[in-house]
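Peer 1: I'll drop the sequence and a predicted model, then ask my questions.
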Amino acid sequence: MNILFFLTPKALCSFLHHDDSIRQAMERFEASGYSALPVLDENGGYCGTLTEGDLLLALRYLCVMDMRQAELHSISEITPRRAVQSVGADTRAEDLLQLALEQNFVPVVDDKQDFIGIVTRSRILAYFLQQPSDGAHGSAR
């Protein structure tokens, strides 16, 4: 199965730009309601993923105590605690499933490494829950 079937396109995704300020990132997290967002470079390439936890640690280590200070620091100063791996649009569904076990979402890039969207774990689970059971696992007693 083609993983693009599961794709939420970039136009419908919340994301950050690598040169956004910490304040902009905080506002984007609040507006989106997500706890992790992809980070893109100026050309739309995938740079990584920033989590709310990464942001909180950065506030502590950079001694950012008010919004004026948060405007002075870029999210590029933040080192994420965990790398979120992206996949190409031609990735096998099995490989996508493996990553989805470890990540809430999987960023998808094209052959130029430009971000084209995400595949969420919930979208994959919903698809498989809608599939008819083949009865291979027996019936419940």
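Peer 2: Structure received. Residues are numbered from 1 along each chain as shown.
Peer 1: Tell me how many other residues surround residue 67.
Peer 2: Using other C-beta atoms under 10 Å, residue 67 has 12 other residues around it. To be clear about C-beta, it is placed using only N, CA and C from the backbone, and glycine gets the same treatment.
Peer 1: is it true that it touches residue 24?
Peer 2: No - using C-beta atoms under 8 Å, residue 67 is not in contact with residue 24, being 10.7 Å away.
Peer 1: tell me which residues of stretch 66-77 are tucked away?
Peer 2: The neighbour-count criterion (16 or more other C-beta atoms under 10 Å) identifies 70, 73, 75 as the buried residues of stretch 66-77.
Peer 1: which residues touch the first one?
Peer 2: Spelled out, that is residue 70. Neighbour list for residue 70: 21-23, 26, 59, 64 [criterion: C-beta atoms under 8 Å, 6 or more residues apart in numbering].
Peer 1: coming back round to it: what's the closest of the buried residues of stretch 66-77 to residue 101?
Peer 2: Closest to residue 101 out of the buried residues of stretch 66-77 is residue 75 (27.1 Å), distances taken as C-beta to C-beta.
Peer 1: Tell me how far that closest one lies from residue 11.
Peer 2: 22 Å (C-beta to C-beta, to the nearest Å).
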